[in-house]
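1. sharing a sequence plus its predicted fold:
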Amino acid sequence: MPEPTRRAPSGAAALRADKTVAIAEAVLDELAEQGYGRLSMEAVAKRAGVGKSALYRRWPSKQHMIIAVVSELSVERLEAPDTGSLRGDVLALLRSVADWLTHPRFSRIFPDLIAEAHRDPALAEALARSVGEPRRARAVVVLDRAVGRGELPPDTDRETALDLLAALVYWHVSVRGVRPDADYLERTTETVLCALGARPAA
């Protein structure tokens with residue numbers, strides 16, 4: 001008996017990439033201007049020049065949409081550097097964190113998302129799962145390479161080290177409101193290396 005004719009793919013497989021990009025840009029603009037709480041699906045659709053149904057074909061809710069867009073912006077901006085030394089890698093990571101936190105739109109979005117996450121456990125969990133954990137997973141590769149080169153001891157506390165890599169720049173940018181310059185990043189690199197007990201490669 002012949003197999004039934006298969007229907008052409010629909011749903012996600014038929015979504016237009018250009019429309020998805022336009023929607024993502026609209027989400028970032030709305031987040032920067034209105035904040036998480038005031039952002040609406042209607043406003044995003046209008047800004048992107050699409051119907052609201054185009055949003056719901058991609059994401060089931062406002063939170064899913066925002067998390068997906070913010071995750072793509074945040075995670076893809078962090079590559080695990082491989083300069084050949086822990087110092088070079090740490091400096092590259094700190095520059096990446098600084099660029100992320102001072103991004104023209106994201107610098108306006110991030111503080112609002114953090115504030116909302118403190119009030120909304122579901123949002124906090126989604127941000128940790130989709131942004132925090134993937135970024136930490138990429139950065140831990142740098143620490144593992146350094147252990148392999150003999151620059152860090154095998155029992156290095158990865159979780160504390162990862163916190164340290166982001167904490168100083170985060171405080172400088174998000175709390176003090178100061179844009180880090182090259183000298184600050186160089187000095188912070190030395191501070192991080194000292195705190196980690198780094199040593200020359202074997």
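-> In hand now; what should we look at?
2. which one is the most centrally placed residue in the chain nearest to, not counting chain neighbours?
-> Residue closest to the average C-alpha location in the chain (Cα atoms, centre = their mean): residue 74, at 2.3 Å. Take residue 74 and drop its neighbours on the chain: the residue closest to it by Cβ to Cβ, 6 or more residues apart in numbering is residue 131, 4.8 Å away. Yep, even glycine has a C-beta here, placed from its N, CA and C like the rest.
3. what's the answer for residue 197, then?
-> Of all residues not flanking residue 197 in the chain, residue 153 sits nearest, at 6.7 Å (Cβ to Cβ, 6+ apart).
4. let me know the secondary structure of that neighbour.
-> Here residue 153 is recorded as coil under DSSP: H, G, I helix; E, B strand; the rest coil.
5. so it touches residue 161, yeah?
-> No. Under the criterion of Cβ atoms under 8 Å, residue 153 lies out of contact with residue 161, with a separation of 11.1 Å.
6. picking that back up, for the residue nearest to residue 197, report the pLDDT, please.
-> According to the model's per-residue confidence, residue 153 sits at a pLDDT of 94.
7. thinking again about what came up before, and the residue nearest to the centre of the chain, how far from residue 128?
-> With distances taken as Cβ to Cβ, to the nearest Å, residue 74 is found 12 Å from residue 128.
8. okay, the lengthiest helix in the chain in PDB with CA atoms only?
-> With secondary structure taken from DSSP state H, the chain has its longest helix at helix 17-38. Coordinates of the C-alpha atoms in helix 17-38 are reproduced here as PDB (Å, rounded to 0.1, in the frame of the first residue of the first chain):
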ATOM      1  CA  ALA A  17      13.800  34.600   8.800                       C
ATOM      2  CA  ASP A  18      13.600  38.300   7.800                       C
ATOM      3  CA  LYS A  19      10.400  38.700   9.800                       C
ATOM      4  CA  THR A  20      12.000  37.000  12.800                       C
ATOM      5  CA  VAL A  21      14.900  39.500  12.700                       C
ATOM      6  CA  ALA A  22      12.500  42.400  12.400                       C
ATOM      7  CA  ILE A  23      10.500  41.200  15.400                       C
ATOM      8  CA  ALA A  24      13.700  40.600  17.500                       C
ATOM      9  CA  GLU A  25      14.800  44.200  16.700                       C
ATOM     10  CA  ALA A  26      11.400  45.500  17.700                       C
ATOM     11  CA  VAL A  27      11.500  43.500  21.000                       C
ATOM     12  CA  LEU A  28      14.900  45.100  21.900                       C
ATOM     13  CA  ASP A  29      13.700  48.600  21.000                       C
ATOM     14  CA  GLU A  30      10.500  48.200  23.000                       C
ATOM     15  CA  LEU A  31      12.400  46.800  26.000                       C
ATOM     16  CA  ALA A  32      14.800  49.700  25.900                       C
ATOM     17  CA  GLU A  33      12.100  52.300  25.700                       C
ATOM     18  CA  GLN A  34       9.200  50.800  27.700                       C
ATOM     19  CA  GLY A  35      10.800  48.100  30.000                       C
ATOM     20  CA  TYR A  36       9.700  44.600  30.600                       C
ATOM     21  CA  GLY A  37       6.500  45.400  32.500                       C
ATOM     22  CA  ARG A  38       5.100  47.800  30.000                       C
END
